[in-house]
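*Asks:* Fold the following, please.
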Amino acid sequence: MIRKAFFAIAALGLFAAGVNAQEQSTEQWSLEQCINYAHENNITIKRQQLNVEYRQNQLKQSKYDMLPDLNADLSARLSYGLSWDPVKKDNYDQTSHNVTPSLSSRASLFEGLSKKKAVQKEKYNLLSAEEDIKKVENDIMLSITRQYLQILFDKELLNVAKEQHEVSKLQMERTKKLVDAGSQAMGSFLEIKSQAAKEALNVTQQENNLGISILNLAQLLDLESPIGFDVQSPTIPEMGEFTPDLPRSIYATAVEIMPEIKSSEYGVESKENELMEVKGSYYPKLYLSGGWNSGAYYSEGGEDNKLFTQLKDNRQYYMGLTLSIPIFNKFRVRTGVQNTQISLNDARFKLEADKLTLRKEIQQAYADALASYKKYLASEEAVDSYKESFRYTEKKFNVGLVNSVDYNVAKTDFTRAQSDLLQAKYEYVLRTKILDFYRGIPIQL
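*Replies:* Below is the predicted model of the structure:
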């Protein structure tokens, strides 16, 4: 046991030396810095931004589709072979060239408002995609906040472990003197020494836990290396009385501002316009068209007319109206309308499901915050109680009225109560911040 304790303390010293050397070059990030960095560099957000750019292009194209089109065509033909000469009444070889250029345009005058509804559909698709980015950003922000508070919790646990280890070392020295003076048995000293070794190992374990928590946050931020990365330790204010708004009031605010709800609402608007777009295929379509064409012809042995002269002499212009009346299209339009109506109903169900999920999340967050507050109050009382009990036991142990086993039990109970209080404290902070988030209040520490 003594050998294990020695190696544990030696390992702790080497680790602490490495930590101290690293801390000299450590950059401490605030919660705001972590969130901003993630929003700027997270791959998921960048991919969602590409989706927004795609939707922007789709909206532009839907507007361009309302413009007239303009097409130019040029055809050239080479013909050769036998031709009949009615004068000589004989066949002869002939090679001819034919060039036909044309320019045409068509504008839609009426298509059952399909194109106008297509523009509206793409507009709401874009708005929905923009809200999806905000949803991803919110999810990342909450994840970072949880991990950030976990680091602060682990730091305080480490401080508690170090303090308890220091107390045990002092008690070990005091007990050694009492043993030497004959006031305590050697067994008491060995028990205290064993407890000190356990607490040294506990310090190492807490340091490892802290390192893992820092690594987890660094991976959330997608940092290339966690070496030299740490977080600031802001002053957590005293825990006030738990007096938030009721879940119904919080939900009334959240349903108006949460991006996932807005995204679903825009999705419904998009499907409604898509339905009107598809229904437009039931109506006749009216188009205005116009154009220009010409042609040039040359044959070997024939009259040699210049190309541009022929194109000028043979030019033609035209303009017309085209009315297309759908009569029977194998029920494709009707099927399309039915399928779009199904998609619209699904979008409405999704909106209701998202609202229901949000309400449940708020109710759960409220219940968790209330439970963590009660746990915090109970833990405070427990710490005060175990603290007084440990002090009383320590005094009795120093004068030989209790044995080392009772002393270690009292000390362990006090340490556990301190850990429970810290856990309740950071749980309460996290839960209240989540409730603030649903009320539209930025998360800050």
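*Asks:* Can I get stretch 62-74 in CSV, CA atoms only?
*Replies:* The C-alpha atoms that make up stretch 62-74 are tabulated as CSV, following Å, rounded to 0.1, in the frame of the first residue of the first chain:
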residue,chain,number,x,y,z
SER,A,62,-38.0,30.6,-60.9
LYS,A,63,-38.0,34.3,-61.6
TYR,A,64,-36.0,34.0,-64.8
ASP,A,65,-38.6,31.4,-66.0
MET,A,66,-41.1,34.2,-66.2
LEU,A,67,-39.1,35.9,-68.9
PRO,A,68,-39.5,35.3,-72.7
ASP,A,69,-37.1,32.9,-74.3
LEU,A,70,-34.9,33.7,-77.3
ASN,A,71,-33.4,31.1,-79.6
ALA,A,72,-31.3,31.3,-82.7
ASP,A,73,-31.0,28.4,-85.2
LEU,A,74,-28.8,27.8,-88.1
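*Asks:* So for that stretch, mean pLDDT?
*Replies:* Along stretch 62-74, the predicted confidence averages to a pLDDT of 93.
*Asks:* can you give me the strands in the stretch 151-300 of the chain?
*Replies:* All strands of the stretch 151-300 of the chain, identified by DSSP state E, counting those that start in this stretch, fall at 229-231, 285-293, 296-299.
*Asks:* The ones you listed: which one's closest to residue 277?
*Replies:* strand 285-293 (13.4 Å; Cβ to Cβ). Every residue, glycine included, has its C-beta placed from N, CA and C.
*Asks:* list the buried ones in that closest one?
*Replies:* Applying a neighbour-count criterion of 16 or more other Cβ atoms under 10 Å, one finds 285, 287, 291, 293 buried in strand 285-293.
*Asks:* Counting by contacts, list what that strand packs against.
*Replies:* With contacts taken as 3 or more Cβ pairs under 8 Å, 6 or more residues apart in numbering; DSSP states H and E, strand 285-293 sits against strand 90-110, strand 316-324.
*Asks:* hey, least reliable of these by pLDDT?
*Replies:* Taking the mean pLDDT of each of the helices and strands packed on strand 285-293, the lowest value is held by strand 90-110, a mean of 83.
*Asks:* Identify each buried residue in the helix or strand harbouring residue 419, please.
*Replies:* Per DSSP states H and E: residue 419 is located in helix 404-438. Within helix 404-438, the residues that qualify as buried by neighbour count (16+ other Cβ under 10 Å) are 404, 407-408, 410-415, 417-435, 437-438.
*Asks:* Then stretch 201-216?
*Replies:* Applying a neighbour-count criterion of 16+ other Cβ under 10 Å, one finds 201-204, 206-207, 209-210, 213-214, 216 buried in stretch 201-216.
*Asks:* Now, those residues that are in helices?
*Replies:* Mapping the buried residues of stretch 201-216 onto helices (DSSP state H) picks out 201-204, 206-207, 209-210, 213-214, 216.
*Asks:* so who does residue 402 touch?
*Replies:* Residues touching residue 402, when contacts are defined by Cβ atoms under 8 Å, 6 or more residues apart in numbering, comprise 393, 396.
*Asks:* Specify the local secondary structure of it.
*Replies:* Using DSSP: H, G, I helix; E, B strand; the rest coil as the criterion, the local structure at residue 402 reads coil.
*Asks:* what about it, distance to residue 408?
*Replies:* Distance, residue 402 to residue 408, by Cβ to Cβ, to the nearest Å: 10 Å.
*Asks:* go on, residue 46?
*Replies:* Applying Cβ to Cβ, one obtains 54 Å for the distance of residue 46 from residue 408.
*Asks:* what does residue 398 give?
*Replies:* Remark: distance between residue 398 and residue 408 (Cβ to Cβ) = 14 Å.
*Asks:* next one: residue 76
*Replies:* The gap separating residue 76 from residue 408 is 103 Å, by Cβ to Cβ.
*Asks:* Repeat that for residue 226.
*Replies:* Taking Cβ to Cβ as the measure, residue 226 and residue 408 are separated by 36 Å.
*Asks:* Grab the nearest non-local neighbour of residue 121.
*Replies:* Among residues not flanking residue 121 along the chain, residue 273 sits closest, at 4.1 Å (Cβ to Cβ, 6 or more residues apart in numbering).
*Asks:* Surely the one you found touches residue 125?
*Replies:* No. Residue 273 is beyond contact range of residue 125, at 9.5 Å (criterion: Cβ atoms under 8 Å).
*Asks:* between those two, which one's more packed in?
*Replies:* Set side by side, residue 273 and residue 125 show unequal neighbour counts under other Cβ atoms under 10 Å, the larger going to residue 125 at 25 against 22.
*Asks:* Give me the secondary structure label for the more buried one.
*Replies:* Here residue 125 takes the helix state, with states given by three-state DSSP.
*Asks:* would JSON lines of the strands of the stretch 151-300 of the chain with distance to residue 108 be doable?
*Replies:* Supplementary listing: those in JSON lines, determined by distance: least, Cβ to Cβ, whole Å:
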{"stretch": "strand 229-231", "distance to residue 108": "59"}
{"stretch": "strand 285-293", "distance to residue 108": "6"}
{"stretch": "strand 296-299", "distance to residue 108": "33"}
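*Asks:* measure the residue nearest the centre of the chain to residue 150 for me?
*Replies:* The residue at the geometric middle of the chain, judged as the C-alpha nearest the mean C-alpha position with Cα atoms, centre = their mean, is residue 136 (2.3 Å). Spatial separation of residue 136 from residue 150 under the definition Cβ to Cβ is 21 Å.
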